[in-house]
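In: sequence? don't have it. structure:
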């Protein structure tokens, strides 16, 4: 399955938006956290997990989705949220803890939810799998359009919830696709030391579903395989498991010293940065540099507008701490 010109430009633009957004968030996050790093300081307190380098996975999958489809994502969710069409201004405001955010500033960056585009994420490892099965089951039982996609990291494939969800999806032929973003590291533990199999796609056979492995962080290959899996789910043929080799260019979280990485690994990963690589490929395939430049300028403007909106928005009053809670 080959992407159209429009799909390729959409994929590239959303990769650029994601990267520029995270660069802007990183800059804001570090305010007030020097010379001694304290994650409680600055306009964005708490943990921050950046997805720089993993953009191809989000756009390659979400290029096939529409508003009826459901995405459940991870604690590293910005690229997935942007590719699914989450409101960028409200997302930025949520990260800044402002009242204009997706959840009024209550959720922060690991708990984004936008019902308008059927997107949600969670800071709990492997948590995306169960809700995706539930959403897929609801569509199947009600005979409504829509498939569910659960994004997770390779470390989450060792969680019991992952295996329970795959078993349920396989037993009930649910319209769900599980997408593992394999960035090689579960925080500071390499995949080779934590996982019994070299590739998680082989686990699909145990749950009677197809399994695919996509090397090289290639947005074109991801688009191809994800398109087949999503079409299969739409046709009522059941679930699929996909594992994608991708690269985490930042630490596990902001402030991570990354001393666990072998010497030279980061330099090698930056040499494979997927955004300049995709731009080179688009140019080689005949896309005009002027068009790509305009696309990048538009992406920058969207991000600037979103960050400005977030900074200018008000915090919720203290009394809001007592609303939207169980009593």
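Out: That came through, no problem. It should be emphasised that the depicted structure is a prediction, and the values quoted were computed from it without experimental measurement.
In: residue nearest the centroid of the chain?
Out: In the chain, the centroid-proximal residue (C-alpha atoms, centre = their mean) is residue 80; its distance is 3.0 Å.
In: gap between the residue nearest to residue 230 when sequence neighbours are not counted and residue 149?
Out: Of all residues not flanking residue 230 in the chain, residue 64 sits nearest, at 4.6 Å (C-beta to C-beta, 6 or more residues apart in numbering). C-beta: built from backbone N, CA, C; applies to glycine. Note on residue 64: its distance to residue 149, by C-beta to C-beta, to the nearest Å, is 9 Å.
In: find the nearest non-adjacent residue to residue 47, please.
Out: residue 253 (5.1 Å).
In: same deal with residue 132?
Out: residue 150 (3.6 Å).
In: for the one you found, what are phi and psi?
Out: Dihedral pair for residue 150: phi -110, psi 120, per degrees, to the nearest 10.
In: list the contacts for it?
Out: 72, 128, 129, 131, 132, 133, 165, 176, 177, 178, 179 (C-beta atoms under 8 Å, 6 or more residues apart in numbering).
In: so the second one makes contact with residue 73?
Out: Yes - in this structure, residue 128 is within contact of residue 73 by C-beta atoms under 8 Å, at 5.9 Å.
In: which neighbours do the two share?
Out: 121, 122, 151.
In: buried ones in the strand or helix carrying residue 222?
Out: Assigned by DSSP states H and E, residue 222 belongs to helix 219-234. Using 16 or more other C-beta atoms under 10 Å as the test for burial, helix 219-234 gives 219-230, 232-233.
In: re earlier: for residue 269, see how far away the residue nearest to residue 132 is.
Out: Taken as C-beta to C-beta, the span from residue 150 to residue 269 is 25 Å.
In: show me the strands in this protein, by range?
Out: 70-73, 113-114, 119-121, 148-153, 176-182, 185-186, 189-190, 211-214, 240-245 (DSSP state E).
In: so which of those strands is nearest residue 306?
Out: With respect to residue 306, and counting by C-beta to C-beta, the nearest of the strands of the chain is strand 113-114 at 13.6 Å.
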